[in-house]
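Undergrad: what's the 3D shape of this:
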Amino acid sequence: MDTNDPRASLLALATRDGVSLAALSDLIGRNAAYLQQYVKRGTPRELDREDRRRLSDYFGVAEALLGAEAGPRSFPVPRLDVVASAGGGAFVDGEVLLGTEMLDPALAARLRLREGKAGVIRVRGNSMEPGLLDGDMIVVDLARRVPGMRGEPFVIQVDGVTMVKRVRAGLSRIEATSDNPDAPPIPDGSIAVIGKVVWLMREPR
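TA: Here you go, the predicted structure:
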């Protein structure tokens with residue numbers, strides 16, 4: 001199968017599965033000669049996006065085999081050995097890389113993440129329940145460090161202690177609160193914003 005020629009690839013797939021080009025044309029809602037003309041005459045020059053999607057789904061192959069641009073397959077985000085405490089706080093001695101999580105590039109674009117400016121860390125404690133639970137993995141946008149007037153989850157440090165809290169810009173200083181009303185008070189001290197929590201990666205519970 002010529003992976004560089006989508007026409008040859010389509011013909012090889014049809015031959016492999018014993019299906020005619022006319023039947024495939026009918027599958028995608030086109031006239032019977034449509035794919036025959038595409039393969040033999042080069043008309044149209046390339047498949048319509050929806051036609052290509054349906055054909056790739058039918059054959060169980062990547063759309064790139066039928067002419068789609070390959071594009072990025074995933075968006076790498078480092079998983080760090082840093083615990084963002086949703087309890088009393090966790091001391092951080094440094095960022096140790098544990099591995100890499102691969103996000104869908106469309107999701108990364110929707111979250112407006114930039115490569116090298118995001119990290120995945122684990123939540124510890126229950127002070128941000130019910131939104132964030134102990135053991136949750138969160139994606140933190142390290143480029144977004146300016147909270148707005150409406151409180152949103154951020155990873156912060158208070159006197160070297162890393163935690164995840166709901167943070168907003170107060171009249172005179174940044175204010176941090178816990179979502180769980182039974183949580184212990186947040187330690188006094190200056191707040192350094194590390195990044196905004198933009199996604200939750202949770203296993204089924």
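Undergrad: quick check: domain ranges of the chain?
TA: 6-66, 75-201 (automatic domain parsing).
Undergrad: now the end-to-end length of the first one.
TA: Going back to what we said before, that points to domain 6-66. 4 Å (Cα to Cα, to the nearest Å).
Undergrad: Sketch out the low-pLDDT regions of this structure for me.
TA: 1-3, 70-73, 81-98, 203-205 (pLDDT under 70).
Undergrad: Could you pull out the strands in this structure for me?
TA: Using DSSP state E, the strands of the chain run over 75-85, 90-91, 97-103, 118-124, 137-141, 152-158, 161-169, 174-177, 191-201.
Undergrad: Packing partners of the fifth one?
TA: I take that to be strand 137-141. strand 75-85, strand 97-103, strand 118-124, strand 152-158, strand 191-201 (3 or more Cβ pairs under 8 Å, 6 or more residues apart in numbering; DSSP states H and E). Where you see a C-beta, it was placed from the backbone N, CA and C, and this is true even at glycine.
Undergrad: in its sheet, what does the last one sit against?
TA: Read it as strand 191-201. Sheet pairing of strand 191-201 (DSSP bridges) gives strand 137-141 (antiparallel), strand 152-158 (antiparallel).
Undergrad: Counting neighbours, what do you get for Ser190?
TA: Ser190: 9 surrounding residues under other Cβ atoms under 10 Å.
Undergrad: swap that for Leu142, sorry
TA: 16.
Undergrad: do the same with the one 3 residues further on
TA: Number of residues near Arg145 (other Cβ under 10 Å) recorded here: 15.
Undergrad: for Phe75, same thing?
TA: Residues near Phe75, counting by other Cβ under 10 Å, number 19.
Undergrad: swap in Ser74?
TA: 13.
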